[in-house]
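Novice: Have a look; sequence and predicted model below, questions after that.
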Amino acid sequence: MSRVTELIDKLNEQKHLDKAEWVEVLENFTDEDREYAAGIARSISLGIYGNKIFIRGIVEFSNVCKNDCLYCGIRRSNTNVSRYRLTDDEIADCCDEGYELGFRTFVLQSGEDKSYSTERLCGIVRRIKAAHPDCAVTLSIGELEYEDYKALREAGADRYLLRHETADKAHYEKLHPAEMSWQHRMDCLKALKDLGYQTGAGIMVGSPYQTVGCIAEDMIFFESFKPEMIGIGPFLPHKDTPFRDEPKGSYELTLFLLSLCRILLPDVLLPATTALGTIAPLGREEGVKAGANVIMPNLSPTAVRKKYMLYDNKICTGDESAQCRGCLEARMKSIGYEVAVTRGDHI
Ligand code: SAH
């Protein structure tokens, strides 16, 4: 038994490692250790969720953003982006189409676009919930104030995805311009939890300036915050950002972290992300085999998909929603899993 497998066992038993132990695991793991963690993680997710994979249809309803995150392709200073905004009717149509395809969760994602007022967003949430009362609505629209989150929750939003990006404040400041605040992002996450949202946090693996110490802090943050969902994907450069020449994140480390998250928080909802499917052709399948249990295909209109490019070479931007749905079904079948037609709430 290697020292790393010992620590993986300890994590599995105690659901806790200290910072030095996390660093030791992250600095020294081998492919065998990774396989070892994946085996434990997969049996945990099979035990809790069976061989069912939850699907969430993402509607990327606007690529307009007031923020200037250094890693993101739709940052406001990227003048090469052709900006779009979907109308309320278009958003509702995407969800209706998704419903027919078996989606029971709709994720509304966008840049931070203030032309969608909280009142308008509440109307959109109410409309989707009225049309599909058996569905969950997840928002992924960035940082708002407590009162906005509260109004959206009261309008019927069930879940919220807001990656913390990094638990290390100094690291956060290297990824974002000075006008953005790590503390505010953390306060938003706390507000979302307090309001009863099933809340998702998460990171990019291999973002510029990230150290194993940063990732250790992320794992410690996950342990204390206990997000219902964790979004983890590799950092991938975008050609029109200041990070264009930075190396992409590690595929293997991303898979390993998915397994460690599953072991740390056994019932967490853990997507095999689009970025993971972009960095490797079978990335999402491998993600599921490493302990992920959620896939989030795109429901955006084909006409806008190429305009929502957070990073280069994003997959599935040429396909119809129905094609994506069929493709995923086949991909999951190929590894012995089934797509579930349910809301797929956190238990
Ligand atoms: N504006 C919203 C949601 C859209 S971005 C928000 O701020 O929450 C969704 C996620 O995509 C981000 O949280 C980030 O972690 C990820 N992302 C952005 N640019 C990326 C890149 N270049 N490579 C990999 N992931 C990226």
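Specialist: Received, thanks. Numbers count the residues shown, from 1 in each chain.
Novice: Would you mind putting the CA coordinates of the host helix or strand of E24 into CSV?
Specialist: Here E24, judged by DSSP states H and E, is contained in helix 19-28. These are the backbone C-alpha positions of helix 19-28, laid out as CSV (Å, rounded to 0.1, in the frame of the first residue of the first chain):
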residue,chain,number,x,y,z
LYS,A,19,-4.1,20.5,4.6
ALA,A,20,-0.7,18.8,4.7
GLU,A,21,-2.3,15.5,3.9
TRP,A,22,-4.2,16.9,0.9
VAL,A,23,-1.0,18.4,-0.4
GLU,A,24,0.8,15.0,0.1
VAL,A,25,-2.0,13.2,-1.9
LEU,A,26,-2.0,15.8,-4.7
GLU,A,27,1.7,16.0,-5.1
ASN,A,28,2.5,12.3,-5.1
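Novice: after that helix, next one along is what?
Specialist: Remark: after helix 19-28, the chain's next helix or strand is helix 31-49, criterion DSSP H and E.
Novice: Give me the residues contacting the helix or strand following that following helix.
Specialist: Of the helices and strands lying after helix 31-49 in sequence (DSSP H and E), the nearest is strand 52-55. Strand 52-55 is contacted by residues 102-103, 105, 269, 288, 293-297, 325, 328, 332, 337-340, 342, 344 when judged by CB atoms under 8 Å, 6 or more residues apart in numbering. In short, each C-beta sits where N, CA and C put it, glycine included.
Novice: So among those, which ones count as buried?
Specialist: Burial by neighbour count, 16 or more other CB atoms under 10 Å: within the contacts of strand 52-55 this picks out 103, 105, 269, 288, 293-297, 325, 328, 332, 337, 339-340, 344.
Novice: Just want the angle from the helix holding E24 to helix 31-49.
Specialist: Counting by axes from the mean of the first three to the mean of the last three CA atoms, to 10 degrees, helix 19-28 lies at 120 degrees to helix 31-49.
Novice: what residues does helix 19-28 touch?
Specialist: Residues outside helix 19-28 that contact it (CB under 8 Å, 6+ apart): 2-4, 7-8, 10-11, 17, 33, 212-213, 215-217, 219-220, 253, 260.
Novice: before we move on, back to that, mind listing which of the buried ones among the contacts of strand 52-55 are in strands?
Specialist: Using DSSP state E, the subset of the buried ones among the contacts of strand 52-55 located in strands is T105, V294, I295, V339, A340.
Novice: wait, which of these is closest to the ligand?
Specialist: Taking CB to the nearest ligand atom as the measure, the ligand lies nearest V294 of those, at 14.9 Å.
Novice: surely the closest one meets G344?
Specialist: Yes - if you go by CB atoms under 8 Å, V294 and G344 touch, sitting 7.1 Å apart.
Novice: Around the ligand, which positions in the protein sit nearby?
Specialist: 71-72, 109, 111-112, 140-142, 162-163, 165, 204, 233, 235-236, 238, 275, 310-311 (CB under 6 Å from any ligand atom).
Novice: So which of these are in strands?
Specialist: The members of the residues of the chain next to the ligand that map onto strands under DSSP E are Q109, S140, M204, G233.
Novice: Please give me every residue in contact with the first one.
Specialist: What it means is Q109. I58, V59, E60, F61, L139, S140, I141, L161.
Novice: Need the pLDDT of the first one.
Specialist: At I58 the predicted local distance difference test score is 98.
Novice: any idea which residue sits dead centre in this structure?
Specialist: The chain has G231 as the residue nearest its centroid, 3.1 Å off, counting by CA atoms, centre = their mean.
Novice: Going by residue numbers, what spans are strands in the stretch 101-250 of the chain?
Specialist: 105-110, 136-140, 159-161, 198-205, 229-234 (DSSP state E, counting those that start in this stretch).
Novice: Nearest spatial neighbour of P177, chain-adjacent residues omitted?
Specialist: D68 (4.9 Å; CB to CB, 6 or more residues apart in numbering).
Novice: Please report the distance of Y99 from the ligand.
Specialist: 23 Å (CB to the nearest ligand atom, to the nearest Å).
Novice: Tell me how many other residues crowd the residue nearest to that residue when sequence neighbours are not counted.
Specialist: Nearest residue to Y99 in three dimensions, chain neighbours excluded: H132, at 5.4 Å (CB to CB, 6+ apart). H132 is flanked by 19 other residues according to other CB atoms under 10 Å.
Novice: Distance-wise, check H132 relative to the ligand.
Specialist: 22 Å.
Novice: cool, and K114?
Specialist: K114 is 12 Å from the ligand, by CB to the nearest ligand atom.
Novice: show me the contacts for that residue.
Specialist: K114 is in contact with K66, counting by CB under 8 Å, 6+ apart.
Novice: repeat for the one 4 residues further on
Specialist: With contacts taken as CB under 8 Å, 6+ apart, T118 has the following neighbours: L144, E147, D148, A151, L152.
Novice: The same query, at a cut-off of 7 Å, please.
Specialist: D148, A151, L152 (CB atoms under 7 Å, 6 or more residues apart in numbering).
Novice: How much space separates the spatially closest residue to G336 that is not a sequence neighbour from the ligand?
Specialist: Among residues not flanking G336 along the chain, N51 sits closest, at 6.0 Å (CB to CB, 6+ apart). Going from N51 to the ligand by CB to the nearest ligand atom gives 28 Å.
Novice: who's in contact with N51?
Specialist: N51 makes contact with G336, Y337, E338 under the criterion CB under 7 Å, 6+ apart.
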